[in-house]
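> need coordinates for the following:
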Amino acid sequence: MNKVFKVIWCKTNQTMIAVSELAKSQGKSSSITSSQPHFKLAKVTLSIMMVLAGQSVFAAISTGVKTSTGSSAIQNTAGKYNYCYFDTSNRAVVCGDKDTKGSGGDEGTISLGSNAQVKKDGGVAIGSDSLSDGYSSVAIGWVAQATKMGAVALGRKAQAKAQSSVAIGNEAEAQYSSSVAIGSSAKTKASSSVAIGNGAETIGSSSFAMGKGAKTEGDSSFALGNGAAATNSSSVAIGTSATASGYRSFAMGYKANTSGNLNVAIGNYAKTKDTQSMAMGQGAQATAQETLALGSFTHALGTQSVAIGNDVFAKGVMSTVIGTRYIGNPSIDNGHFGHGTSTSTDGDYAIAIGSGFGTRGSTVYLDQVAESDASYGIALGTSSRTEKGAEESVAIGRLSATEKNIKGGVALGSQSIANRQALTSVSASADNSGMENAEPNKITKVYSPFSDSNLEIVQTVQGDLGAVSVGTYKRKFKTRTPGYRYNSDTDDKNKATKSGVPLKAKEFDIEIATRQIINVAAGSLDTDAVNVAQLKAVAKEVQKGLDYSGDVDSSNTQTANKFNRKLGQETKIIGGVTNTTKLSGNNIGVVSDGAGTLAIKLAKELSGLTSVVLGTNSSDANTVALTTTGINAGSKTITNVASGGTTGTNAANISDVKTAVSNSSWNIAGNDKAVVGNGVNPTEKVSFINGNATTVSQCHSRWDK
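So this is what the prediction gives:
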């Protein structure tokens, strides 16, 4: 202070004493204070308290001898060391040069330093060109300024410009009421805010910024860490270069970033966008509305999606992925910010749960995380997946999959594949040989052992849901392509490569495999599965076979006319004629009595017959035969023959013959004369007698006399 005086605290008198800067310590050992690189707030506060707590000040000459209270500097120092003065009337202290000024009537002020000025009661100005222009304000330091009531400015060019504001540090600046700026070039530009650290700045009211370059722009915001920024109301940013730019958002971690309202990002490089999203973990990203990403490099990218684990992606709307994947050392070259592959839930409303290796160096591993690319798809298990177009499908188990476009398919168990579409145009067949080698999506038939049940079986095939598989056919299985790795904290990405060549998916063979379905309850409806117990019950009934019986057995008794045949055994029904050309139809009927008996009856009107032979042997002389060429009565009497009537082609019975005979007659005439009498009946007698000059005689022996 221009080699004049300095103010020290006297513990004995509990007073501040102004002494020559050239005086020795009166036998006290000197103390050495080394330069400290960090700002000590406690020491600054103590210094301020010491300045403000003084009750009385004495002016002293360079020899240390005290002068009387209130006197001016002694003559032998006047003009050489300037002055130090205590005004008893207003209890003010002025130490400095001719430009150093008290308040000129104000009480309790302290002015120390060249051109130090105090303009209001209770003000303190210490340091060259320092200024205290507010009631009870304190300015300490070169060109320090405290210009409002209760303001405190401490440090080179420190400025406390508002009521109750505090600025501590080189060029620190507190511009608004009740604000605190501590640190080189720290600035508060809003009321009740606090900025601590070199270049720290607060723009929002009631905000807090601490750290080199820390900044708050929103009201009630909080930024802690070098370069941390809370730029919206009630936002919080904690960590180096952390940024919370959304309303009431929270970012914690190195370069953590929230750019949407009500978001939370915790972890190095954690990032959230849109609204009400949360990303927790290194490199975690929740970039759509109401998303959740938990774990290192997890990515929730679809609206209301959830990603939990490590290096997994939920891309579809309302999709969920849970799992973890090895990503190697967390370095920039090895994908420090995640792989960014399609291993995820690309489908809307999809779920994928399962962990895997992914890639390690230049190796693409067999075991990948689960992937559900189909809307409403569910993939559970390492390397499980539901492929695009397989909507509403489910794959459960390691390497299980529902293949492309298999809507509603279900794959249950390790290596199971659902690859058969719903049967839309379906028919039933007992022959499935053609279906065994058909493409899974081209099968249009269902198996039916009995043709008469085809319709019922076909009717059970309904809807458009894919098949359920518990095994697999022989096939190729491809892992996912590793895809992209994020190589910076931006959205730039590069393909995972080896020697500049993009890594490709790994392909391997899976052999045919089937498995049992066990512990199945008995089915109730036609479309339910049956268990072995039900099949055994069916087999037991089938094994009973069928019972047959006739009127009599071959021995003409009824004691052994019943027999049983098992399923598959032959039952012969013999008619005797083996030439189908000699058989007629529609001449026999079967009548059921409704109680287990079928009666075989011959039609009353036979048709389609070519002959009827009656007798034990058709060659017997007395065999009756009716054929298309005639009737052979076999020397047998035909009885009960109806009258032939007047139709000439009808057969006549004896009565017809008798009638015909009795109704016949003949006439006799002679010498061209008229008929004598009315005719002669067959039974009547004609008599010839001798007449005049005539004689009747027999001329042939055959004539009756």
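> okay, CA-based contacts and neighbour counts for the rest of this
Will do.
> which ones are touching V680?
Counting by Cα atoms under 8 Å, 6 or more residues apart in numbering, V680 touches 665-668, 686.
> swap in 10 Å and give it another go.
V680 sits next to 664-668, 686 when contact means Cα atoms under 10 Å, 6 or more residues apart in numbering.
> now swap in G302 and tell me
Contact analysis of G302 by Cα under 10 Å, 6+ apart lists 286-292, 313-320, 345-349.
> repeat that for 8 Å
So G302 contacts 287-289, 291, 314-319, 348 (Cα under 8 Å, 6+ apart).
> T298 versus V577, what's the distance?
V577 is 85 Å from T298, where distance means Cα to Cα, to the nearest Å.
> between these two, tell me which one has more neighbours.
Under the criterion of other Cα atoms under 10 Å, the comparison of V577 against T298 puts T298 first, with 36 against 9.
> wait, doesn't the more buried one sit right on V306?
No: the pair T298 / V306 is not scored as a contact, 9.2 Å apart, by Cα atoms under 8 Å.
> so what sits against both of the two?
By Cα under 8 Å, 6+ apart, no residue touches both T298 and V306.
> in stretch 146-163, what counts as buried?
By neighbour count with 16 or more other Cα atoms under 10 Å, stretch 146-163 contains the buried residues 146-163.
> looking at this protein, which helix or strand is least sure?
Sorting the helices and strands of the chain by mean pLDDT, DSSP states H and E puts strand 57-58 at the bottom, at a mean of 40.
> so after that strand, what's the next helix or strand?
Sequence order places strand 83-87 as the next helix or strand after strand 57-58, per DSSP states H and E.
> can you list the helices and strands that that following strand packs against?
Judged by 3 or more Cα pairs under 8 Å, 6 or more residues apart in numbering; DSSP states H and E, strand 83-87 is in contact with strand 92-96.
> what's near enough to touch A153?
Per Cα under 8 Å, 6+ apart, neighbours of A153: 138-141, 144-146, 159-160, 166-168.
> ok, S132 - how many residues close by?
When counting by other Cα under 10 Å, one arrives at 37 neighbours for S132.
> for A603, see how far away it is.
Look at S132 and A603: by Cα to Cα, they are 138 Å apart.
> then F222?
With Cα to Cα as the criterion, F222 and A603 are 108 Å apart.
> neighbour-wise, which of those two wins?
Counted by other Cα under 10 Å, F222 and A603 do not tie: F222 has more neighbours, with 33 against 11.
> would you mind giving me the confidence score for the more buried one?
In the predicted model, F222 carries a pLDDT score of 97.
> quickly list what it is bridged to.
For F222, the beta-bridge partners are F208, V236 (DSSP bridges).
> ok, it touching S234?
Yes: F222 is within contact range of S234, at 7.3 Å (criterion: Cα under 8 Å).
> start to end distance for stretch 391-405?
Distance between the boundary residues of stretch 391-405 (Cα to Cα) amounts to 7 Å.
> and for that stretch, what's in contact with it?
Around stretch 391-405, the neighbours that count as contacts under Cα under 8 Å, 6+ apart are 374-390, 406-419, 421.
> mind redoing it with 6 Å?
The contact list for stretch 391-405 (Cα atoms under 6 Å, 6 or more residues apart in numbering) reads 374-390, 407-419.
> same thing with stretch 278-294?
Contact partners of stretch 278-294, identified using Cα under 6 Å, 6+ apart, comprise 263-277, 295-308, 337.
> try 7 Å
The contact list for stretch 278-294 (Cα atoms under 7 Å, 6 or more residues apart in numbering) reads 263-277, 295-309, 337.
> alpha carbons of that stretch, as CSV, please.
C-alpha atoms of stretch 278-294 as CSV (Å, rounded to 0.1, in the frame of the first residue of the first chain):
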residue,chain,number,x,y,z
MET,A,278,-34.3,-41.8,-19.0
ALA,A,279,-30.8,-43.0,-20.0
MET,A,280,-28.6,-44.5,-17.2
GLY,A,281,-25.2,-46.0,-18.0
GLN,A,282,-22.1,-45.2,-20.0
GLY,A,283,-23.2,-44.3,-23.6
ALA,A,284,-26.8,-45.1,-22.8
GLN,A,285,-29.3,-43.3,-25.1
ALA,A,286,-33.0,-42.7,-24.7
THR,A,287,-33.9,-40.6,-27.7
ALA,A,288,-37.6,-40.8,-28.1
GLN,A,289,-40.6,-39.9,-26.0
GLU,A,290,-41.0,-41.7,-22.7
THR,A,291,-38.1,-44.1,-23.3
LEU,A,292,-35.9,-46.0,-20.9
ALA,A,293,-32.3,-47.1,-21.4
LEU,A,294,-30.5,-48.8,-18.5
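> S414: what secondary structure?
Counting by DSSP: H, G, I helix; E, B strand; the rest coil, the backbone at S414 sits in coil.
> count of residues packed around it?
Number of residues near S414 (other Cα under 10 Å) recorded here: 21.
> span of stretch 283-300 from start to end?
Stretch 283-300 has an end-to-end distance of 12 Å (Cα to Cα).
> stretch 374-392 now?
Stretch 374-392 has an end-to-end distance of 7 Å (Cα to Cα).
> then stretch 572-583?
Start-to-end span of stretch 572-583 (Cα to Cα) is 18 Å.
> and the helices in the stretch 601-705 of the chain?
654-662 (DSSP state H, counting those that start in this stretch).
> and for the chain?
Along the chain, counting by DSSP state H, helices occupy 41-52, 433-436, 454-459, 532-543, 654-662.
> which of those helices has the lowest average pLDDT?
helix 41-52 has the lowest average pLDDT among those, namely a mean of 44.
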